Every structure is written in C-alpha cells, then in structure tokens.
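S.K.: Quick one: sequence and predicted model below, then my questions.
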Amino acid sequence: MDLMVIADNMPAYLAGFRMTAQLTIVAGLGALVIGLTVAAMRVSPLGSLRVFAATYTELLRNMPLTLIFFFAVLVLPQFGVVLPLGYWTAVGCLTAYTSVFVAEAVRSGINAVGVGQAEAARAIGLTFGQSLTSVILPQAVRSVIPPLINVIIALAKNTSVAAGFAVVELTATGRRLAQQNPADVVLVLAGVALFYLVVTIPAGQLANLLERKVAFAR
Amino acid sequence: MRPVRTGLIALMSATVLALTACAGGSDDGEGTEPAGGATPAEETAEFPEGSTMAALAEAGTITIGTKFDQPLFGLVGPNGEPEGFDVEIGKIIAGKLGIAPEDIEWKETISSNREPFIQNGEVDIVVATYTINDKRKEVVSFAGPYYLAGQSILTMTSNTDIEGPEDLAGKNVCTVSGSTPEANLLQNYPEAKVQALGAYSECIEPLRNGQVDAISTDNVILAGFAADNDDMEVRGEPFTEEPYGIGLALDDTDFRMWINDVLEESFEDGTWSEAWESTAGTVLPAPEPPTVDRY
C-alpha cells in the first residue's frame, strides 16, 4: 500500500481526467442544443412535432446508457452504419442520452411559466417562435438551471460508461493503473473517485450559487 | 501514510484471525464425524493438522474462483455449470482433497477481482486463466503454472497485412480495458492503436465490420474465437509468455507446495492430459506439461 501510487501516475490520471472533462463539455453542449430543440418541439403547436419529440424522449429516457452504446457499437453496423470506435461514438451516445433529460427539465420549466404569459404574448400578436424565445424561455431558463446542472453532473459520471467502449477516460485509466498496481487497487480507485469529485462538487456549488442568483418571486 | 497502513494491517490481521478461527473450528470436528459418504477416510488423515488442506478436506467443500465467460477454460453453459480446462484443474485439486466435483462451490471471478477475492477469503483458490507475475505475487501466491499461454493476434482470414505484432503499428487493435494484453500492447507496441472494450467477445463484431483490424489477447482465447468463426484466424507465434497459475492466499506456503505436488502428479499420471483433451484440446494442439515453479 503506497500513497505515492497516485502521485506517480499523475500524468495518466490527468490524461484520463482531460478526456472525461472533454466528453462532459462536448456532450453537455450538444445535449443542451438538442434538448432545447426537443423541448420546443414538445410544446409546439404542430402535432407531428410533439409526437416526434415525445417518442424521442420516451425512447432514450427509458433505455440504459450502456445499451445505447451497445446499439451504436454493435447493432448499427448490422444495418450498414459503421461508426469509428471511440471518442465521437461516445460523444454521440452521451449527447443523445443526456439531451432527453435536458428536454424534460426545460419542458418542466416551460410548464412552470404561467399560462397567462403565453396567452398575453399571443394577444399582442407574437408568433409561436417569438413568444417562446422572448417571453417563455427567458423565464423558464431561470427555474431550469438548477435541474440542468444536476443533469450535467449525472453526465460527468455517465461518461464512465465510455470506458467499456474504446475511450480512455478516468475510469479506463483507473482500470489500467489497477492492472499495473495490483497491490494498490483501492488507492488507485480512490484517486479516480477524487478526480470525479473535482468535476461534480464545483458543479453542485455552481448550481447552488446560480439558484440564489436567478431566484425570483413569481 | 501511517494510518492507512496501520488500518490495513489491522484489517489483514483480523482476516487472518477469522480464517484461523474457521480452520480451528473444523479441526475440532475431526475424528468425531467422518466426512461425506464418498470421501475416503484415509485421504483426510494424511494432511498435517491445522493446514488448509486438512480444513478443506474436513469441511468436504471448497470454493474455487474461475471465469464464467472464457471459452475452453471456464465457461458457464446453458446448464449453469462451468466447463473448461481451468474447471477440470480445479476438480483434480478438489479430488485430491477428497472433495467430489459436485461439492465444489464455483464462484465467478473476473480479471479485476481475483486478488481481492483471495485476500478476503471469498474463494479458497482461483483457477481463472490467471497469469503469474511478480506484481501479483506481492498480494497473492501462485501454485503452478499448469499451462503456458501467450499473447497472440486474431484477424480476418482475408486480411494479409498482419502477420505478427510488429504489423500492428497504426492498426486498430481490440482488447479489454484494464487487461494484461492491453498493458503489453501499450508498453511494447506503442504504435498500435489500442481500442479497449469491455469483453473479448465484444471485439468480434467490430473486427468483422472493420472497425478494428485485429484482436489481441492470449492465444487460447483467440483459438476459441477462431474455432467459432470460420472467417477469422490466429496469426503468428505468441509474443509473450503467460504462465497460468493457481492463486491462493499469500502466506499459505504449505497449501501452495501441496497444490504444486498435485499438479506434478497430474502431469505424470495423465489426468492433466485427459483434462486438456476433453476441454481446450478439442481446438488447440496438445501442449507439454510446464515445469512447476516452486518459488
């Protein structure tokens, strides 16, 4: 048992951490964009868009993330769609999976905005797009930020699933180091956990801060 | 550093105490109650008192850790019983303790939990394509080896670019995240693009789809895949030596030496060859028995 095992392998840890952070940021941004779009479709006046958005959400929300990865890596090729293994497949799967949670969080935020707001916007002649972007979303986003940060924290941890699919992020790094240091497996994994906390704890603090900043009386 | 170390020592001593207590308990029963019907009584008598062998023989059962997903070595089939060369080796050892095959409790061990399972006493021995190496010897001890495997390469039959590990440079090579073959590739063939998945079986479809160019792990595992997939074949000679040993508690030297005796006996009396022929020997050529390493 040697505490130095973490310090000695710092470059490997940092490389893994960088990959985890990169996956979180890229997939997080992608999920925000797609999630907002899906949420807008979910409340749109067009029935077909609502049905599409609802199907997309229910499908992805109720499937385990690992299964989505398996689908992309092992099933899609059967239908002729051969994705390169590794980073971009992982980003795609994490984005798709996280986007539905973003969409649901945003939809709940939209629903929390009083119906009178939407009616007033329509009464003064705003189109659906205008009322959404200028009236409803600005109010919805405020109440949505804390749950969105929860979604991002979950995403940071979910990136570990990519370890089983040819991405060397923190968890895969931990496995490699554990293999090289069988006597210090506990410490190696504790080191991995520490690096996850470096992402998730500040994110939680940020959520608290923003919650206080954007809180408003309705 | 000190508190961690002290805590660990305390934990380890507690484990040792607990184990000793268990062994002591079964010793008390000796003589008063003969073990199960099929067990020959003289088998139990020959073990020194207080030894692990005596304790296991007395208990009439042994817990053996093995792989449940490794074709030819340890694979659980539809009937729920593990089958393979490792399993047969386990049965030979149990048999010498007077324990019938049906009294063996099989426990699944995966690559990453073999050391903890031995250290915690969750299994008595591990026979699970377990490569003997010096780092592992710091935490567990090894009897054997009972087989010498080696890392090799599997590619599509149609692929003529890859004939050996040197040809892996710039190629996508599939292996398992956190495995010995992965570490070998990273260290000795840094030019190869390692794509680590969760299990070797998951590498098969990506190989067929061209997402990876080769799969690399122990030749015995690859041979199983090649036997099941006519469009794939094993290329080149093994380029590492992976002596498979039987893992057991670090300080149980008597038990280790006894298992070494059992293995040597099985090499000579043909039970080892029989075990091989009925399992991995259906696909792989018959090997020479290795030399046991009594370190």
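M.R.: Arrived safely.

S.K.: contacting residues around residue B:188?
M.R.: residue B:165 (Cβ atoms under 8 Å, 6 or more residues apart in numbering or on different chains). Backbone N, C-alpha and C define where each C-beta goes, glycine included.

S.K.: roughly how far apart are it and residue B:80?
M.R.: Distance, residue B:188 to residue B:80, using Cβ to Cβ, to the nearest Å: 39 Å.

S.K.: do residue A:186 as well
M.R.: Relative to residue B:80, residue A:186 is positioned 32 Å away (Cβ to Cβ).

S.K.: Give me the more crowded residue out of those two.
M.R.: residue A:186 (14 against 8; other Cβ atoms under 10 Å in any protein chain shown).

S.K.: Contact residues of chain A facing chain B?
M.R.: A:1-3, A:73-74, A:77, A:82-86, A:163-166, A:168, A:172, A:175-176, A:178-183, A:185 (Cβ under 8 Å from any Cβ of the partner chain).

S.K.: secondary structure class for residue B:238?
M.R.: Here residue B:238 is recorded as coil under DSSP: H, G, I helix; E, B strand; the rest coil.

S.K.: contacting residues for the closest residue to it other than its chain neighbours?
M.R.: Leaving aside its sequence neighbours, residue B:238 sits nearest to residue B:150 (Cβ to Cβ, 6 or more residues apart in numbering or on different chains; 2.5 Å). Residue B:150 makes contact with B:218-219, B:237-242, according to Cβ under 8 Å, 6+ apart.

S.K.: Mind checking which of the residues of chain A next to chain B are buried?
M.R.: Among the residues of chain A next to chain B, those buried by neighbour count (16 or more other Cβ atoms under 10 Å in any protein chain shown) are A:73-74, A:77, A:85-86, A:163-166, A:168, A:172, A:175-176, A:178-183, A:185.

S.K.: name the helices or strands packed onto whichever strand or helix holds residue B:257?
M.R.: Using DSSP states H and E, residue B:257 sits within helix B:253-269. Helix B:253-269 sits against helix B:52-59, helix B:85-96, strand B:140-149, strand B:242-249, helix B:271-278, with contacts defined as 3 or more Cβ pairs under 8 Å, 6 or more residues apart in numbering or on different chains; DSSP states H and E.

S.K.: The third one: partners in the sheet, and parallel or antiparallel?
M.R.: Going back to what we said before, that points to strand B:140-149. strand B:242-249 (antiparallel) (DSSP bridges).

S.K.: who touches the closest residue to chain B within chain A in this structure?
M.R.: Proximity of chain A to chain B (Cβ to the nearest Cβ) peaks at residue A:175, 2.8 Å away. Residues near residue A:175 by Cβ under 8 Å, 6+ apart: A:163, B:112, B:177-178.

S.K.: Next, give me the two most distant ones among those residues.
M.R.: A:163 and B:112 (12.2 Å; Cβ to Cβ).

S.K.: Identify the residues contacting residue A:118.
M.R.: Residue A:118 is in contact with A:131, A:135-136, counting by Cβ under 8 Å, 6+ apart.

S.K.: Columns distance to residue A:57 and mean pLDDT on top of the helices and strands packed on helix B:253-269, output as JSON lines?
M.R.: Formatted as JSON lines, the helices and strands packed on helix B:253-269 follow (distance: least, Cβ to Cβ, whole Å; pLDDT from 0 to 100):
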{"stretch": "helix B:52-59", "distance to residue A:57": "55", "mean pLDDT": "90"}
{"stretch": "helix B:85-96", "distance to residue A:57": "47", "mean pLDDT": "93"}
{"stretch": "strand B:140-149", "distance to residue A:57": "48", "mean pLDDT": "92"}
{"stretch": "strand B:242-249", "distance to residue A:57": "48", "mean pLDDT": "92"}
{"stretch": "helix B:271-278", "distance to residue A:57": "53", "mean pLDDT": "92"}
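
S.K.: okay if I get those as TSV plus distance to residue B:169?
M.R.: Listed next are those as TSV, based on distance: least, Cβ to Cβ, whole Å:
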stretch	distance to residue B:169
helix B:52-59	48
helix B:85-96	33
strand B:140-149	24
strand B:242-249	23
helix B:271-278	35
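
S.K.: and these as a markdown table, adding mean neighbour count?
M.R.: Shown next, in a markdown table, are those (neighbours: other Cβ atoms under 10 Å in any protein chain shown):
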| stretch | mean neighbour count |
| --- | --- |
| helix B:52-59 | 23 |
| helix B:85-96 | 23 |
| strand B:140-149 | 23 |
| strand B:242-249 | 24 |
| helix B:271-278 | 18 |
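
S.K.: Write out the residues of chain B neighbouring chain A.
M.R.: By Cβ under 8 Å from any Cβ, the residues of chain B that approach chain A are B:1, B:4-5, B:8, B:111-112, B:115-116, B:135-136, B:138-139, B:172, B:174, B:177-180, B:182-183, B:186, B:195-198, B:202, B:205-206, B:209-212.
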